[in-house]
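Asks: sequence and predicted structure, then a few things I'm wondering about:
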Amino acid sequence: EVVTLSLLMYPVLRSLALQLHSAVTGSYVSGTHSIAFINCLNEQIAKDIARAIMDKKLAAYVNILPKSSALYFWKGELEESTEILLLVKTRTSKIAELSNYVRSIHPFEIPEIISLPIDQGNPLYLKWIEESVPQD
């Protein structure tokens, strides 16, 4: 039980440690923010999901990238389709909530929702992300 609780607390403790480090040093801590990738069937679904994410304040910024070709295996068969990709800029601490919310509204059985931490970037832009997405 202690191990399970420790693992569950790790993201919270890490987040608090990162905030403290950033506040004390005034520098950006790699991984404080993330970019999530979400695939969508068409532009209307992409816009609807992007707007829903913004309405819930789960992101500071969402890019809607134009139609691209995709190849993937689904139920043992090679599939080919087109899709629209969302690039979602947010706090890393919001990724789990973002993922849960998108899964609840996304029409795909298993939507692509993956994220990568932001290592570095324009400090003013990263601060703006922080100001735009409430902590909790």
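Replies: That came in fine, so what should we check first? Numbers count the residues shown, from 1 in each chain.
Asks: hmm, who's touching stretch 65-84?
Replies: Under the contact criterion C-beta atoms under 8 Å, 6 or more residues apart in numbering, stretch 65-84 has outside partners Asn39, Cys40, Leu41, Asn42, Glu43, Ile45, Ala46, Ile64, Leu85, Leu86, Leu87. Just so you know, the C-beta spots here come from the backbone N, C-alpha and C atoms, and that holds for glycine as well.
Asks: got the phi/psi numbers for the residue minimising distance to the centre of the chain?
Replies: Nearest to the mean C-alpha position of the chain, by C-alpha atoms, centre = their mean, lies Ala36 at 3.3 Å. Main-chain dihedrals, Ala36, degrees, to the nearest 10: phi -100, psi 140.
Asks: ok, it to Leu78 distance?
Replies: 26 Å (C-beta to C-beta, to the nearest Å).
Asks: how about Ala59?
Replies: 33 Å.
Asks: what does Leu58 give?
Replies: 33 Å.
Asks: between these two, who's got more neighbours?
Replies: Taking other C-beta atoms under 10 Å, Leu58 and Leu78 do not tie; Leu58 has more neighbours (23 against 8).
Asks: in a strand, that one, correct?
Replies: No. Counting by DSSP: H, G, I helix; E, B strand; the rest coil, Leu58 is not found in a strand; it is coil.
Asks: give the contact list for the closest residue in space to it that isn't next to it in sequence.
Replies: What sits nearest to Leu58 in space, not counting adjacent residues and going by C-beta to C-beta, 6 or more residues apart in numbering, is Leu98, at 4.7 Å. By C-beta under 8 Å, 6+ apart, Leu98 lies in contact with Ala36, Ile53, Leu58, Ala59, Val88, Thr90, Ile113.
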